[in-house]
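Enquirer: Sharing a sequence plus its predicted fold:
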Amino acid sequence: MKKKLLSLIFGLLFTYGYSQKNYDSFVKEQELKNLYRLSTDEYNYLRQLFKFNGIPRYVVIDKNGDVIDGDFPMHNFDVLLEDILKKHQ
């Protein structure tokens, strides 16, 4: 499974609603990577596209940019990951 995980990328989205200071502090404390800071318009576009009203929201997207699951139940990540990898290699 370790080899398969190398093809996964986890991204985290932020809006400009966070102050730069709070954003920088949070990123440093959590040692985060693959971050995308969105404008309000970009955030609203994604809310409409994926039909979400709150955060966190987990969306699984394949390597071609197609949505596999628009409302992924992250609490079942360990159980569902193997199945996703088998179906979308």
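Expert: Okay, I see it.
Enquirer: Check the secondary structure at the residue lying farthest from the centre of the chain for me.
Expert: The centre of the chain is farthest from one residue, Lys21, which by Cα atoms, centre = their mean lies 22.1 Å away. At Lys21, secondary structure determined by DSSP: H, G, I helix; E, B strand; the rest coil is helix.
Enquirer: Check the burial of Asp62 by counting its neighbours.
Expert: 13 (other Cβ atoms under 10 Å). C-betas here are computed from N, CA, C, even on glycine.
Enquirer: Name the nearest residue to it, ignoring sequence neighbours.
Expert: His88 (5.0 Å; Cβ to Cβ, 6 or more residues apart in numbering).
Enquirer: What pLDDT does the model give the one you found?
Expert: The score at His88 is 77. That number is its pLDDT.
Enquirer: go on, Leu13?
Expert: 66.
Enquirer: State the three-state secondary structure for Arg57.
Expert: coil.
Enquirer: and it, how many neighbours?
Expert: 16.
Enquirer: With Val79 instead?
Expert: Neighbours of Val79 using other Cβ under 10 Å come to 9.
Enquirer: Next, find the distance separating it from Asp62.
Expert: 19 Å (Cβ to Cβ, to the nearest Å).
Enquirer: picking that back up, and the residue nearest to Asp62, what does it touch?
Expert: Asp62, Lys63, Ile68 (Cβ atoms under 8 Å, 6 or more residues apart in numbering).
Enquirer: Can you give me the buried ones in the host helix or strand of Asp78?
Expert: If you go by DSSP states H and E, Asp78 is part of helix 77-87. Within helix 77-87, the residues that count as buried by 16 or more other Cβ atoms under 10 Å are Ile84.
Enquirer: That helix - contacts with which helices or strands?
Expert: Under the contact criterion of 3 or more Cβ pairs under 8 Å, 6 or more residues apart in numbering; DSSP states H and E, helix 77-87 touches strand 67-69.
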